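Q: Okay, structure incoming, though there's no sequence with it:
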């Protein structure tokens, strides 16, 4: 924890001689797939702008915490930041469609769908504009898995009475199924699992290894269920409009290319993490939920849709149209993947 705190105190500048240096705030520590791909994006901005655009990263919430990112970028406390709709649900209602627990767990498909929705749908474009933000690109947590200390979650009944760390709409479904849900940051889960404060944790494959939770919990149930996609990168509107036309074009091109880079890297990271965690002297044991039980879980995810549409409608948004547009884009990119494969495979 001390190391994480220290890593968040320092900024990383991609270049010292850039004509425009963009201050970039991220709540995560400077390690792992996300930070590596963000730094790839910074390098590409510098390269494609012939050195005009540089980035100064502030990791670990050094400028402001993730919960303050929407306001922080809107008021230009930073030029760019990562936003999470679950932290600012009122401001980002339209964008939160990406957090509905749907079966789609393909990172590339989900990110591409959210990217196109956010850059083309009038309601989302208006939302970002009114927040004084320009949407740049998307992130993903990848699929939800469940790691437990000494039990598998083979059926929905197995969740009853389980002390479980879980968050967001997925956590609410676990709670409906009888789990005793606790809200903890991933950084606190290792000790909570080790001490028995919680028995199970909602997490993502690569993240289990990053936080070393496989050292204290040995039963992994592969749900491969959905993903958090209301998780993106935005820029201050005045900063964006102050760039030259050429540099705005560079920024938009790199932001789109980021989707393919991040999706490839996180998929590879998940595969490698599972390989490492299931080998060695103290490997994880892995199972999958019974298919009929998983189908019930996925139905519960779809059951949330009417509530989300009503929440959007109550906020003055075209909830059904946003949801339908998102689902159409998911189908579009699933078809592209099925017909052509992933961009990095061609």
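A: Perfect, thanks for sending it. Since this is a predicted model, take the numbers as computed values, not measurements.
Q: Could you list the single helix or strand in this protein with the lowest mean pLDDT?
A: Sorting the helices and strands of the chain by mean pLDDT, DSSP states H and E puts helix 2-7 at the bottom, at a mean of 35.
Q: Now do the same contact list for the most centrally placed residue in the chain.
A: When the chain is reduced to its mean C-alpha position, the closest residue under CA atoms, centre = their mean turns out to be residue 140, at 3.2 Å. Listed by CB atoms under 8 Å, 6 or more residues apart in numbering, the contact set of residue 140 reads 107, 110, 111, 227, 228, 229, 231, 262, 263, 266. The C-beta positions use only the backbone N, C-alpha and C, and glycine is treated the same way.
Q: Closest to residue 42 out of the residues you listed?
A: Distance to residue 42, by CB to CB, is smallest for residue 262 among the contacts of residue 140, at 13.5 Å.
Q: So what's the residue count around the closest one?
A: Neighbouring residues of residue 262 were enumerated by other CB atoms under 10 Å; the total is 24.
Q: Heading C-terminal from the helix or strand encompassing it, find the next helix or strand.
A: According to DSSP states H and E, residue 262 maps onto helix 245-277. Later in the chain than helix 245-277, the nearest helix or strand by DSSP H and E is strand 285-288.
Q: which of the residues in that next one are buried?
A: Neighbour-count burial for strand 285-288 flags no residue at all (criterion: 16 or more other CB atoms under 10 Å).
Q: now stretch 27-43
A: By neighbour count on 16+ other CB under 10 Å, the buried set for stretch 27-43 is 27-30, 32-35, 37-42.
Q: Ok, stretch 61-68 next?
A: Within stretch 61-68, the residues that qualify as buried are 61, 62, 63, 64, 66, 68, counting by 16+ other CB under 10 Å.
Q: Closest one of those residues to residue 86?
A: residue 66 (9.6 Å).
Q: isn't the closest one right next to residue 85, touching?
A: No: applying CB atoms under 8 Å, one finds residue 66 not in contact with residue 85, separated by 11.0 Å.
Q: Which secondary structure element is home to the residue nearest to the centre of the chain?
A: Counting by DSSP H and E, residue 140 is part of no helix or strand.
Q: any idea how far residue 236 is from it?
A: Distance of residue 140 to residue 236, given as CB to CB, to the nearest Å: 23 Å.
Q: Could you give the separation of the helix or strand where residue 164 lies from the chain centroid?
A: Assigned by DSSP H and E, residue 164 belongs to strand 163-165. Centroid displacement of strand 163-165 relative to its chain, using CA atoms, centre = their mean, to the nearest Å, is 21 Å.
Q: Same check on stretch 174-181?
A: 23 Å.
Q: Need the contact partners of that stretch.
A: Against stretch 174-181 from outside (CB under 8 Å, 6+ apart): 156-157, 159-166, 171, 200, 202, 300.
Q: tell me which of the residues you listed is nearest to residue 145?
A: residue 202 (7.7 Å).
Q: Check the secondary structure at the closest one for me.
A: strand (DSSP: H, G, I helix; E, B strand; the rest coil).
Q: Correct me if wrong: it contacts residue 146.
A: Yes: counting by CB under 8 Å, residue 146 is a contact partner of residue 202 at 6.2 Å.
Q: neighbour count winner among the two?
A: More crowded of residue 202 and residue 146, by other CB under 10 Å: residue 146, with 26 against 22.
Q: So that one belongs to a strand, correct?
A: Yes: under three-state DSSP, residue 146 sits within a strand.
Q: Model confidence at the closest residue to it other than its chain neighbours, what's the number?
A: Nearest residue to residue 146, sequence neighbours excluded (CB to CB, 6 or more residues apart in numbering): residue 221, at 4.6 Å. For residue 221, the model assigns a pLDDT of 98.
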